[in-house]
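Visitor: just to be clear, the model below is a prediction. Sequence and coordinates:
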Amino acid sequence: MQPYLFPYIGYFSLIKATDFWVVFDNVQFIRHGWIERNKVLNSNGGCQYIKVPLVKASRQNLIKDTYIRFDENWESKILAQLTCYKKKAPFYTEVINLLEQIFQKKTKDITSLNILALKKVSEYIGIPFNYEVLSQTEMDFSNTIKEAGDWALQISKYYKADMYINPYGGKDIFNIENFKNEGIDIKFLKNNLDTYNQNNDKFKPGLSIIDVLMFNSPIETKKLIDSYIFC
């Protein structure tokens with residue numbers, strides 16, 4: 001998976017369901033996706049984006065070569081945006097302390113920041129996160145990629161995996177027979193996105209894991225993470 005910034009809970013369902021994670025960082029960076037931003041609640045009960053500013057680069061820039069701008073205090077801005085949780089979220093202090101630990105390390109690129117955040121959040125929840133960064137391996141099979149689903153197949157073969165798990169939303173890009181022919185089972189995980197008490201007029205689903213952690217203990221969060229099916 002590409003390294004997302006404080007992704008939604010389904011991303012962590014995938015982490016918990018797998019034995020090994022490959023950070024997919026040597027593909028084109030697409031701005032205004034989930035690499036440098038995510039959604040949380042705002043003071044009016046609606047949604048707002050938290051965002052990490054990035055150095056401008058060409059459209060062909062890869063995720064691994066995407067760097068963070070430090071000409072503005074974006075860490076403090078994000079923390080300030082989250083003060084709307086202070087009076088209504090029971091785990092506000094714990095989550096702010098977690099974010100401050102993450103922001104203390106001045107990572108230069110967005111991949112490193114997002115990996116650090118995934119590690120720290122996983123530790124806080126109590127789930128393992130065993131990973132390798134694709135661009136830091138010796139894998140080079142870009143010439144064998146004919147369609148989008150081939151990346152996962154080639155990576156699975158490289159690690160001699162007997163099963164590959166992907167989010168359900170990406171199901172259509174995969175040729176399941178190609179995996180079967182290589183002796184690799186393929187499954188698609190779909191998180192149920194169970195509701196939880198946001199102390200809000202209307203529940204807002206699919207927000208950043210930050211929102212989940214604000215209102216749920218690590219034990220409660222794990223229960224939400226485990227609420228998924230394979231399709």
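Guide: It's in. Numbering: from 1, shown residues only.
Visitor: what packs against the top strand by length along the chain?
Guide: Assignment by DSSP state E gives strand 185-191 as the longest strand of the chain. When contacts are defined as 3 or more C-beta pairs under 8 Å, 6 or more residues apart in numbering; DSSP states H and E, strand 185-191 sits against helix 9-17, strand 163-167, helix 176-181, strand 228-230. (Each C-beta comes from the backbone N, C-alpha and C, glycine too.)
Visitor: gap between the next helix or strand after that strand and the chain center?
Guide: Where DSSP states H and E defines the elements, the next helix or strand beyond strand 185-191 is helix 209-215. Centroid separation between helix 209-215 and its chain, computed with C-alpha atoms, centre = their mean, to the nearest Å, is 14 Å.
Visitor: check stretch 140-159 too.
Guide: Worked out by C-alpha atoms, centre = their mean, stretch 140-159 lies 21 Å from the chain centre.
Visitor: quick one: average pLDDT of that stretch?
Guide: Stretch 140-159 shows an average pLDDT of 86 in the prediction.
Visitor: what's the answer for stretch 2-17, then?
Guide: The average pLDDT for stretch 2-17 rounds to 98.
Visitor: show the end-to-end separation of that stretch, please.
Guide: From its first residue to its last, stretch 2-17 covers 17 Å (C-alpha to C-alpha, to the nearest Å).
Visitor: and for stretch 74-89?
Guide: Using C-alpha to C-alpha, first and last residues of stretch 74-89 are 22 Å apart.
Visitor: and stretch 224-231, how far out from the chain middle?
Guide: 16 Å.
Visitor: wait, residue 96 touches residue 78, no?
Guide: No - using C-beta atoms under 8 Å, residue 96 is not in contact with residue 78; the gap is 10.2 Å.
Visitor: give me the nearest residue to residue 193, chain neighbours excluded.
Guide: Nearest non-adjacent residue to residue 193, counting by C-beta to C-beta, 6 or more residues apart in numbering: residue 205, 4.9 Å away.
Visitor: what stretches of this structure score poorly on pLDDT?
Guide: For the chain, the stretches flagged by pLDDT under 70 are 142.
Visitor: show me where it has helices.
Guide: Applying DSSP state H to the chain gives helices spanning 9-17, 74-81, 92-104, 110-125, 150-158, 176-181, 209-215, 218-225.
Visitor: can you add mean neighbour count and distance to residue 50 and give those helices back as TSV?
Guide: Shown next, in TSV, are the helices of the chain (neighbours: other C-beta atoms under 10 Å; distance: least, C-beta to C-beta, whole Å):
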stretch	mean neighbour count	distance to residue 50
helix 9-17	21	16
helix 74-81	15	5
helix 92-104	15	10
helix 110-125	20	12
helix 150-158	18	29
helix 176-181	13	36
helix 209-215	25	8
helix 218-225	17	19
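Visitor: among those helices, which is nearest residue 66?
Guide: Residue 66 lies closest to helix 110-125 among these, at 4.9 Å (C-beta to C-beta).
Visitor: CA atoms of that closest one as PDB?
Guide: Taking Å, rounded to 0.1, in the frame of the first residue of the first chain, the C-alpha atoms of helix 110-125 are listed here in PDB:
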ATOM      1  CA  ILE A 110       6.400  12.400   3.400                       C
ATOM      2  CA  THR A 111       7.100   8.600   3.200                       C
ATOM      3  CA  SER A 112       9.300   8.700   6.300                       C
ATOM      4  CA  LEU A 113       6.700  10.800   8.200                       C
ATOM      5  CA  ASN A 114       3.800   8.500   7.300                       C
ATOM      6  CA  ILE A 115       5.700   5.300   8.100                       C
ATOM      7  CA  LEU A 116       6.700   6.800  11.500                       C
ATOM      8  CA  ALA A 117       3.000   7.700  12.100                       C
ATOM      9  CA  LEU A 118       1.900   4.200  11.100                       C
ATOM     10  CA  LYS A 119       4.400   2.700  13.500                       C
ATOM     11  CA  LYS A 120       3.500   4.900  16.400                       C
ATOM     12  CA  VAL A 121      -0.200   4.500  16.000                       C
ATOM     13  CA  SER A 122       0.100   0.800  15.600                       C
ATOM     14  CA  GLU A 123       2.200   0.600  18.800                       C
ATOM     15  CA  TYR A 124      -0.400   2.800  20.700                       C
ATOM     16  CA  ILE A 125      -3.200   0.500  19.600                       C
END
